[in-house]
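Visitor: Sequence first, then the predicted structure:
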Amino acid sequence: MPQILKNKKNKEIGHIVSFFSGVARIQGLPHIFLHEVLLDETGVPMAIVIGFDENFVEALFFDEKFNLEKPIFRSGQSFSIQTSDSYIGRVVDGFGKSRDELGSIQGRATSVFRQAPPIIDRQPVTTPLSTGIKIIDTNLPLGRGQRELIIGDRKLGKSTIAIDTVLNQKNATSPVYCIYVICGQKEQKVSELISLFEKQNAFLYTTIVAAPAGASFAEQYLAPFVGCTIGEYFRDNGKDALVVYDDLSKHAKVYRDISLLFERAPGREAYPGDIFSLHAGLLERAAQLSAEKGGGTLTSLPIIETQESDITSFIPTNLISITDGQIYLERGLFQKRFLPAVNVGLSVSRVGSQAQPNILKQVVGGIRLALAQHKELQKLSQLETVVSMEAQKKIHQGDLMLELLKQEKHTNIAWPEQVVLFYTVEQGFFNDIDKKKWSYFEILLLELVRNRYSEILRKIESGVFDEKVKTKIQAIVKDFRKEFLLTE
């Protein structure tokens, strides 16, 4: 028998009394603790404890083919994974084991169920996390160490926002190590994500933790915690990490299924009451650590799927109350082909504006007010038969601003480029352009700036936005109009 079983406290023996789909009740093991790993008689890990009462231990088995007549033993250890830099570029399963046939991952054993850093070890979020998505970076900026919920009905582009945020870190001035957790999704989505990341070279800094719908209950239950633990490894070593949970509504449904199989008392919408503390403990681990603790960050982007835009149901309200804001995607905007379909009015980022680059904040500071005025002027123009020229100009400029906020997926735009775009539109340099042609002209303008005026982008990125830079932007506009507009 292995050494781990010779310890007196680990000699306790348990016997399975009920078993279905890897969900088991075990009799015995009186001194068990939560999330302890259970072993078979040869010392091989077989299950994890997720609850107990005075009569039974509740456990999830890693393999559903376990011989139910065999005894089960304590390990005295919490469920752990090996953490190291070798996770970068890998695809692992919900247990943290290799899924990509590139060999096992070596490192230091780390428990996946850890406490969040205490307040004294944290400091305010001040470093921007650029997404490359214009509507988010300008209206709902994110900071490293923040928890921002992405919420909306299915097929509205929630995962696309998270994926584009991961892809944009390729251009980050300081590296952000990304962990993308897929929980309860189709196997096809895993394959498509791997293919996309390979094509975009995202595996240079990214790990995928995949526990698709066909995986065991134990694997789907553990996947978000495994992903978070990988992210914490980078954070605790003074680096920046980003973890995406796609999605926690499916994770909650898996936990509900497990709880119902254990015959636990169902709460609101049949979910167990402790799903709130489970997700709260997971998301609270996102943090900006203090300089004394290395200054590393872990940013969380949980994704939640709503039914018929109902954000008042149990899981959405839980996650909204836990996170630092939400990016709300609306079906009406999606149907109007306003992509990404982010409703700026119902979305909020409670932290990121403190971390938004100062120049970008300066340029887009009045964008929300301008869009609100535009909406009111549009209503007025529908009621009035005659609208003044000044009002027509403001309406047209608002239309251009709305067109500017649209963006195709996987077309990330760096924040200095966003500064140039929003400054030129806000100053009215393109008021004579037909709004239907703006998307075409925007591509040309960006190409011109990237190829001929890259020094302007470098100056903006370094924090310079003086009159010389503004004059240079005006020269860019003249060059652009001469080359493209006048030949129309």
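Guide: Done, it's in. None of the values given here were measured: they were computed from a predicted structure.

Visitor: Tell me how this structure divides into domains.
Guide: 3-77, 82-356, 361-487 (automatic domain parsing).

Visitor: ranking those domains by burial, who's on top?
Guide: Sort the domains of the chain by mean neighbour count, taking mean count of other Cβ atoms under 10 Å, and domain 82-356 sits at the top with a mean of 20. Bear in mind the C-beta positions are built from the backbone N, C-alpha and C, glycine included.

Visitor: Could I get the average pLDDT for that one?
Guide: Mean pLDDT, domain 82-356: 95.

Visitor: Am I right that Lys394 is in contact with Glu376?
Guide: No. Between Lys394 and Glu376 there is no contact under Cβ atoms under 8 Å: 10.1 Å.

Visitor: so how far is the top helix by length along the chain from its chain's centroid?
Guide: If you go by DSSP state H, the chain has its longest helix at helix 217-236. Chain-centre distance of helix 217-236: 13 Å, with Cα atoms, centre = their mean, to the nearest Å.

Visitor: Quick check: next helix or strand after that helix?
Guide: Moving toward the C-terminus from helix 217-236, the next helix or strand (DSSP states H and E) is strand 240-246.

Visitor: Just the angle for that following strand relative to helix 217-236, thanks.
Guide: Counting by axes from the mean of the first three to the mean of the last three Cα atoms, to 10 degrees, strand 240-246 points 160 degrees away from the direction of helix 217-236.

Visitor: Can I get the following helix or strand past strand 240-246 in PDB, CA atoms only?
Guide: Once the chain leaves strand 240-246, the next helix or strand it forms, by DSSP H and E, is helix 248-261. Extracted in PDB, the C-alpha atoms of helix 248-261 (Å, rounded to 0.1, in the frame of the first residue of the first chain):
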ATOM      1  CA  LEU A 248     -20.500  30.100 -15.700                       C
ATOM      2  CA  SER A 249     -24.200  29.600 -16.400                       C
ATOM      3  CA  LYS A 250     -23.400  26.100 -17.700                       C
ATOM      4  CA  HIS A 251     -21.100  25.500 -14.800                       C
ATOM      5  CA  ALA A 252     -24.000  26.400 -12.500                       C
ATOM      6  CA  LYS A 253     -26.300  24.000 -14.300                       C
ATOM      7  CA  VAL A 254     -23.700  21.200 -13.900                       C
ATOM      8  CA  TYR A 255     -23.500  21.900 -10.200                       C
ATOM      9  CA  ARG A 256     -27.400  22.000 -10.000                       C
ATOM     10  CA  ASP A 257     -27.500  18.500 -11.600                       C
ATOM     11  CA  ILE A 258     -24.900  17.200  -9.100                       C
ATOM     12  CA  SER A 259     -26.800  18.700  -6.200                       C
ATOM     13  CA  LEU A 260     -30.100  17.200  -7.300                       C
ATOM     14  CA  LEU A 261     -28.500  13.800  -7.700                       C
END
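
Visitor: Against which helices or strands is helix 248-261 packed?
Guide: Packing contacts for helix 248-261, counted by 3 or more Cβ pairs under 8 Å, 6 or more residues apart in numbering; DSSP states H and E, involve strand 176-183, helix 217-236, helix 275-283, strand 297-305, helix 314-322.

Visitor: For Ala202, find the nearest of these.
Guide: Among the helices and strands packed on helix 248-261, the nearest to Ala202 by Cβ to Cβ is strand 176-183 (7.4 Å).

Visitor: And that closest one, how far out from the chain middle?
Guide: For strand 176-183, the distance to the chain centre is 8 Å (Cα atoms, centre = their mean).

Visitor: Now do the contacts for Gly214.
Guide: Glu187 (Cβ atoms under 8 Å, 6 or more residues apart in numbering).

Visitor: Check the gap between it and Ala372 for me.
Guide: For Gly214, the distance to Ala372 equals 47 Å [Cβ to Cβ, to the nearest Å].

Visitor: likewise Asn171?
Guide: On the measure of Cβ to Cβ, Asn171 and Ala372 end up 32 Å apart.

Visitor: what do you get for Ile433?
Guide: Per Cβ to Cβ, Ile433 is found 23 Å from Ala372.

Visitor: which residues make contact with the helix or strand encompassing Tyr328 from outside it?
Guide: Assigned by DSSP H and E, Tyr328 belongs to strand 325-328. Residues from elsewhere that reach strand 325-328, judged by Cβ under 8 Å, 6+ apart: 136, 140, 146, 148-152, 161, 311, 320, 342-343, 346-352.
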